[in-house]
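**Student:** Structure for the following, please:
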Amino acid sequence: MDPEMDKRLQLLQQLASRLAQRRADLVAAAGEDTGAPSRIAGIEVDLAVEHLRTMEVEVPYIQGKSPYGTVAAIFPYDAAPVMLARVGGAAILGGNRFRFSFSSVTPLTARVISEVVAPFPEFEAVASLDNRAFGEQCVRDPSVRVLFISGGGEVGQVYAGQAQAFDKLFFAGPSGLPPAILFKDAPLEKAVPFVIKRAFINGGQYCTTLKRAYIHREIFAAAKKLILEQMQEIRVGNPQDPLTWIGPIKVARTRALLERALAALGEPEFLVPCQRNGEWQGPFLVETTEPPDVELFGPFLALVPVDSNEEAVTRVLASRYPFLVSWFGTAPPGAKEAFVKTFGMVYDNPDFLFTPMRLPFGGRGASGWILEKTGGELVKRDGAFIYSAELVRG
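**Tutor:** This is a model prediction of the structure:
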């Protein structure tokens, strides 16, 4: 192997080891900062470590290509170790430096991760600036050639107006209410656990968590029965309890988004007991024919009966935020092709708890885009991408 490439891989191995050594600290910090359940926060660290330790599989994406220089990222409040591994790992593998800031609601996580990366000059953790100041600094710094940002649509608009400062700008916008479809022949023993766990993992505070389940009316009663049975596992409680799925929802904006979605339902009928008391929220499981198509984070799942497979497809294709779609059973002719064209991420009868880190990631339309300078002009595109392939030139 090329000596330079071997050096980069060794650095990422060392980073993985340092992350693993601070696992307990990272789990505790996530619980204090955002209320993340300890079991889930621990899995985040484990996934990040494993990802970094196996970066050699991504070498083919960057061979024969050159680095950009400095890649910068503004971390969201969830899954900081995963962001460090996925974006930072790809940046370093491509020969770049990686500069990143943290959400203002994760000061303890910021401190631990800053200590983890401190020995490596290729990493620069910036915990002293808020996200806006960090972003403005990146715009002014000509060494920053690539920037990752996330947030509401207004955030994307602000940075799109400053995109000429970069060679490439990534925006992860709202995921809205990511849908799942249970077609008429959906295997409920596989579909129901996926839907429940993917909806309420980490209190529904990942952009990839499900928020709507469109279920064929002929299997709706059976699916609902299984869902209600399995909802007994979804506990709200102390994040240090390994049985907790939903800890305190500490981020005020997330609680506000939840309230807005619930208000849009009018007088929702909750199918299981739930809490609406400050930081203690959910789980909100509702049955409705019209789920609100809004930006949403948090422990919410709407069960939506549909009369036909085709109706489910039509309704899902009309999503305001075409981030991801999952389905179980046999999709009607042409549906998969329509999903691939419309959504960033498309999962056909999936079987995972955490989204595998090496799957292409990203949405379409209002849920995410990339602005790339090509021939002096900014070209906009969207859809899922592989980080390592994007963080090199050529």
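**Student:** got the phi/psi numbers for the residue nearest to residue 352 when sequence neighbours are not counted?
**Tutor:** Using Cβ to Cβ, 6 or more residues apart in numbering and skipping residues adjacent in sequence, the residue nearest residue 352 is residue 194, 8.0 Å away. C-betas here are computed from N, CA, C, even on glycine. Per-residue torsions, residue 194: phi -60, psi -50 (degrees, to the nearest 10).
**Student:** for the stretch 201-350 of the chain, what spans make up the helices?
**Tutor:** 217-230, 252-264, 309-317, 335-342 (DSSP state H, counting those that start in this stretch).
**Student:** As TSV, those helices with mean neighbour count would be great.
**Tutor:** Rendered in TSV, the data for those read as follows (neighbours: other Cβ atoms under 10 Å):
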stretch	mean neighbour count
helix 217-230	16
helix 252-264	16
helix 309-317	19
helix 335-342	16
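**Student:** Out of these, which gets the lowest mean score?
**Tutor:** Among these, helix 252-264 carries the lowest mean pLDDT, a mean of 94.
**Student:** Measure how buried the residue nearest to residue 352 is and give me the count.
**Tutor:** By other Cβ atoms under 10 Å, 21 other residues sit near residue 194.
**Student:** Then residue 18?
**Tutor:** 18.
**Student:** Same question for residue 308.
**Tutor:** 14.
**Student:** The chain should start at 230 in everything you say after this.
**Tutor:** Fine by me, first position is 230 from now on; the one you just mentioned is residue 537.
**Student:** Please list all residues in contact with the closest residue in space to it that isn't next to it in sequence.
**Tutor:** By the measure of Cβ to Cβ, 6+ apart, the closest residue to residue 537 outside its immediate chain neighbours is residue 445, 7.2 Å from it. Applying Cβ atoms under 8 Å, 6 or more residues apart in numbering to residue 445 gives the contacts 411, 412, 413, 415, 534, 535, 536, 537, 538, 541.
**Student:** With residue 440 instead?
**Tutor:** Here residue 440 is in contact with 405, 406, 407, 408, 428, 433, 520, 525, 529, 530, 531 (Cβ under 8 Å, 6+ apart).
**Student:** gap between the residue nearest to residue 537 and residue 498?
**Tutor:** The gap separating residue 445 from residue 498 is 21 Å, by Cβ to Cβ, to the nearest Å.
**Student:** my guess is residue 287 contacts residue 322, does it?
**Tutor:** Yes - judged on Cβ atoms under 8 Å, residue 287 makes contact with residue 322 at a distance of 6.0 Å.
**Student:** For those two, work out which one has more neighbours and name it.
**Tutor:** Taking other Cβ under 10 Å, residue 287 and residue 322 do not tie; residue 322 has more neighbours (25 against 19).
**Student:** do you know how far the more buried one is from residue 290?
**Tutor:** Relative to residue 290, and taking Cβ to Cβ, residue 322 is found at 8 Å.
**Student:** shared neighbours, those two?
**Tutor:** Common neighbours of residue 322 and residue 290 (Cβ under 8 Å, 6+ apart) are residue 617.
**Student:** ok, and the closest non-adjacent residue to residue 380?
**Tutor:** Closest to residue 380 by Cβ to Cβ, 6+ apart is residue 402, at 7.4 Å.
**Student:** Nearest approach to residue 367 belongs to which of the helices of the stretch 430-579 of the chain?
**Tutor:** When the helices of the stretch 430-579 of the chain are compared by Cβ to Cβ, helix 481-493 sits nearest residue 367, at 22.4 Å.
**Student:** Show me what that closest one is in contact with.
**Tutor:** Helix 481-493 is contacted from outside by 406, 434, 478, 497, 508, 510-511, 513, 521, 523-529, using Cβ under 8 Å, 6+ apart.
**Student:** moving C-terminal of the lengthiest helix in the chain, what's the next helix or strand?
**Tutor:** Looking across the chain with DSSP state H, the single longest helix is helix 232-250. As assigned by DSSP states H and E, the chain's next helix or strand after helix 232-250 is helix 252-263.
**Student:** Show the secondary-structure elements that the strand or helix carrying residue 361 is packed against.
**Tutor:** Using DSSP H and E, residue 361 sits within helix 360-369. Applying 3 or more Cβ pairs under 8 Å, 6 or more residues apart in numbering; DSSP states H and E, we find helix 360-369 packed against strand 299-303, strand 326-330, strand 373-379.
**Student:** Quick one, which of the ones you listed gets closest to residue 419.
**Tutor:** Across those, closest to residue 419 is strand 373-379 (Cβ to Cβ), at 31.0 Å.
**Student:** Pull out the buried residues from the closest one.
**Tutor:** Neighbour counts over strand 373-379 (16 or more other Cβ atoms under 10 Å) mark 373, 374, 375, 376, 377, 378, 379 as buried.
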